[in-house]
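K.L.:
got a structure for you, letters missing:
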Ligand SMILES: C[S@@+](CC[C@H](N)C(=O)[O-])C[C@H]1O[C@@H](n2cnc3c(N)ncnc32)[C@H](O)[C@@H]1O
């Protein structure tokens, strides 16, 4: 049974409303998303993605799906590691985010290997067992039904295929948590407003991080879906967490 109310930050809304609100909130911030991301995380976001991609262990020729790919940073990193004959798909329901990404992709030496597809990551328009790897950067928190979304990912992965999830989390240490609280509710909206001209999406960001389950619970959800070798690693004192998992490969 899927719930009829889900959280959108601190608000309870219908699943349809959450989907619409999430999709729309990236429109006004798409052109400044990369700058705001880099400034607000002091450049850590890029380090987290690089670390995540190295954990994924990509091989030449792999087909990679970058779900909730936005402006394509994970896709660009993946394309740099999968050789000339790879295919990397950015899959996102916000067109503006992908349009911003396309400018970066055109400048990239492996840009020809990257395709953008507009669609809902919780209902993926690909056949079963289409990909060797899936990346999901800052997307799981935005899902209406995280467990169903993870089931979709499981479906499109080939047996033995790998999943990488990067998601914000709360610092493990209490002192740092209070500081982070001050930063995310007082400082971040101000800086975001200066960069993007709006702070609404960043208030949602701060709230949604707080209502999202802690890493130990997220690991449980990933396992329930059927994934194996599920691991998580906190980065930067727990400001974000990297999750890795593998779809079972039948033994013959
Ligand atoms: C915070 S951005 C992250 C972008 C990128 N992955 C990164 O690492 O910077 C979240 C992205 O997820 C997309 N998104 C959220 N829910 C989605 C869904 N159900 N289907 C497709 N895209 C979704 C949004 O449109 C947005 O571009």
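P.N.:
Perfect, thanks for sending it. Quantities reported herein were computed from a predicted structural model and do not represent experimental measurements.
K.L.:
and the longest strand along the chain, which residues are buried?
P.N.:
What stands out as the longest strand in the chain, according to DSSP state E, is strand 157-168. Going by neighbour count (16 or more other CB atoms under 10 Å), the buried part of strand 157-168 is 157, 158, 161, 162, 163, 164, 165, 166, 167, 168. Every C-beta, even on glycine, is put in place using the N, C-alpha and C of the backbone.
K.L.:
how about the residues you listed, which pair is most distant?
P.N.:
Comparing every pair within the buried residues of strand 157-168 by CB to CB identifies 158 and 168 as the most remote, at 28.7 Å.
K.L.:
Beyond the least confident helix or strand in the chain by mean pLDDT, next helix or strand please.
P.N.:
In the chain, no helix or strand scores lower on mean pLDDT, DSSP states H and E than helix 174-182, which sits at a mean of 94. Counting by DSSP states H and E, the next helix or strand C-terminal to helix 174-182 is helix 188-196.
K.L.:
How far off centre is that next one?
P.N.:
Computed by CA atoms, centre = their mean, to the nearest Å, the chain-centroid distance of helix 188-196 equals 21 Å.
K.L.:
Can we start the residue count at 45 from this point?
P.N.:
Understood, numbering begins at 45; the last thing we discussed is helix 232-240.
K.L.:
list the contacts for residue 246?
P.N.:
80, 84, 232, 233, 236, 240 (CB atoms under 8 Å, 6 or more residues apart in numbering).
K.L.:
so it is in which element?
P.N.:
Judged by DSSP H and E, residue 246 forms part of helix 244-255.
K.L.:
What angle do helix 232-240 and that helix make with each other?
P.N.:
Counting by axes from the mean of the first three to the mean of the last three CA atoms, to 10 degrees, helix 244-255 lies at 150 degrees to helix 232-240.
K.L.:
quick one: buried residues of helix 244-255?
P.N.:
Applying 16+ other CB under 10 Å to helix 244-255 flags 244, 245, 246, 247, 248, 249, 250, 251, 252, 253 as buried.
K.L.:
can you check stretch 177-196 too?
P.N.:
177-188, 190, 193-194, 196.
K.L.:
gap between the two ends of that stretch?
P.N.:
This stretch, stretch 177-196, spans 13 Å end to end (CA to CA, to the nearest Å).
K.L.:
Could I get the average pLDDT for that stretch?
P.N.:
Mean per-residue pLDDT for stretch 177-196: 98.
K.L.:
With stretch 239-251 instead?
P.N.:
96.
K.L.:
hmm, back to that, quick check: what element follows the helix holding residue 246 along the chain?
P.N.:
Downstream of helix 244-255, the next assigned helix or strand under DSSP H and E is helix 259-268.
K.L.:
other SSEs contacting that following helix?
P.N.:
Judged by 3 or more CB pairs under 8 Å, 6 or more residues apart in numbering; DSSP states H and E, the packing partners of helix 259-268 are helix 190-200, strand 201-212, strand 272-279, strand 284-290.
K.L.:
Give the pairing partners of the shortest one; include direction for each.
P.N.:
What that stands for is strand 284-290. Here strand 284-290 has these sheet partners by DSSP bridges: strand 201-212 (antiparallel), strand 272-279 (antiparallel).
K.L.:
I'd like those laid out as TSV, including mean pLDDT and distance to the ligand.
P.N.:
TSV is the format used below for the strands paired with strand 284-290 (pLDDT from 0 to 100; distance: least, CB to the nearest ligand atom, whole Å):
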stretch	mean pLDDT	distance to the ligand
strand 201-212	98	7
strand 272-279	98	14
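K.L.:
which parts of the stretch 45-194 of the chain sit against the ligand?
P.N.:
66-67, 70, 112-114, 117-118, 136-138, 141, 164-166, 181-183, 186-187 (CB under 6 Å from any ligand atom).
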